[in-house]
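Peer 1: Quick one, what's the 3D model for this:
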Amino acid sequence: MNGWHFRLRQAPALRVDLRGITPAALAELSAAQIEQLRVGHGNAMLPLAELFDAAPGTEEGVLRFEGDLGRFDRIGWQMDGGCIRVEGDAGHYAGGCMRGGALQIDGSAGLLAACEMAGGSIDVKGDVGDFAASTLPGSMDGMRGGTLVVHGHAGERFGDRMRRGSALVHGDAGAFLGSRMVAGTIAVGGKAGAHAGYGMRRGSIVLAGPGAALPAGLTFVPNRTATPVFWALLARDLARHGGAFSALPTRRIERHLGDLSADGKGELILCP
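Peer 2: Numbering: from 1, shown residues only. Below you'll find the predicted structure:
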């Protein structure tokens, strides 16, 4: 599987849809064929060559994008292998419906990053917008597997309707963190906004920031049952991501169950 290096020529006038530009799709294509691949630009279609200069890459199976791709949506959409590296910002739906492989974003990502992700890994050095690790509009299932790591901050509804996988935010998260969550693990190293865990039925939300406290108004109840084995495994898995999570195996926890308004059996774990 060949690698490719795409250098952005100039910022597009309208938003661009990069779905279909994945390592597997480009594996057997020549440079001429890649340059003629058509992508959505507003309500028209443009050949890739009008947006990028393409050259063979130095890493096998890696698509490297150089430039500010803040107006480029669906980067890594439905990707199932290989690696995409964005040396700048990414647009909306980054890593949406991914099934495998790795997406690395050196900047920030827009709305709905990792929406309905089912496998693979996404690493965002900056921030993500609202509804990351969440569900597509009109769908009932959010993130279904894989790992999302955000080194900056996250917007609202992070992990909405999440069903499986791990999603970590080293910074702060907005309101309704893990809302309507069904399963999986969410961890936040900074502060969480209002209504964290709203309507969650199962799953785990870990608030690892200093002085973490149960947000006001939540219908959760304290649980005194000891879970040393479970916490030892979860804390060790989160600690490998560093930052506020590195000391989790040595910290005490407060565990709360809910959301009782949804007859939920999820948990909010505080590490004060």
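Peer 1: Next, the buried residues of the lowest-mean-pLDDT helix or strand in the chain.
Peer 2: Across the helices and strands of the chain, mean confidence by mean pLDDT, DSSP states H and E is lowest for strand 221-223: a mean of 91. By 16 or more other CB atoms under 10 Å, strand 221-223 has no buried positions at all. From N, CA and C alone the C-beta is placed, and that goes for glycine too.
Peer 1: Give the other helices and strands that it contacts.
Peer 2: When contacts are defined as 3 or more CB pairs under 8 Å, 6 or more residues apart in numbering; DSSP states H and E, strand 221-223 sits against strand 254-258.
Peer 1: switch to 10 Å and redo it
Peer 2: The elements that strand 221-223 packs onto, with contact taken as 3 or more CB pairs under 10 Å, 6 or more residues apart in numbering; DSSP states H and E, are strand 254-258, strand 266-270.
Peer 1: So for residue 117, which of these sits nearest?
Peer 2: Distances from residue 117 to each of the helices and strands packed on strand 221-223 were compared by CB to CB, and the smallest falls on strand 266-270, at 19.8 Å.
Peer 1: Given the closest one, what are its sheet partners and their directions?
Peer 2: The strands that strand 266-270 pairs with in its sheet are strand 204-207 (parallel), strand 254-258 (antiparallel) (by DSSP bridges).
Peer 1: Would you map the strands across the stretch 51-200 of the chain?
Peer 2: Applying DSSP state E, counting those that start in this stretch to the stretch 51-200 of the chain gives strands spanning 52-56, 62-66, 72-73, 80-87, 100-105, 121-124, 144-150, 164-169, 185-188.
Peer 1: Identify, out of the ones you listed, the most deeply packed stretch.
Peer 2: Comparing the strands of the stretch 51-200 of the chain on average neighbours per residue, with mean count of other CB atoms under 10 Å, the densest one is strand 185-188 at a mean of 27.
Peer 1: I'd like the average pLDDT over that one.
Peer 2: Taken as a whole, strand 185-188 has a mean pLDDT of 98.
Peer 1: again, but for stretch 226-233
Peer 2: Stretch 226-233 shows a mean pLDDT of 89.
Peer 1: Identify each buried residue in that stretch, please.
Peer 2: residue 231.
Peer 1: which other residues reach it?
Peer 2: 204, 206, 234, 248-249, 251-253, 255, 267, 269, 271 (CB atoms under 10 Å, 6 or more residues apart in numbering).
Peer 1: would JSON lines of those residues with neighbour count be doable?
Peer 2: Formatted as JSON lines, the entries for the contacts of stretch 226-233 read as follows, by neighbours: other CB atoms under 10 Å:
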{"residue": "204", "neighbour count": "22"}
{"residue": "206", "neighbour count": "24"}
{"residue": "234", "neighbour count": "20"}
{"residue": "248", "neighbour count": "23"}
{"residue": "249", "neighbour count": "15"}
{"residue": "251", "neighbour count": "12"}
{"residue": "252", "neighbour count": "8"}
{"residue": "253", "neighbour count": "18"}
{"residue": "255", "neighbour count": "18"}
{"residue": "267", "neighbour count": "21"}
{"residue": "269", "neighbour count": "23"}
{"residue": "271", "neighbour count": "22"}
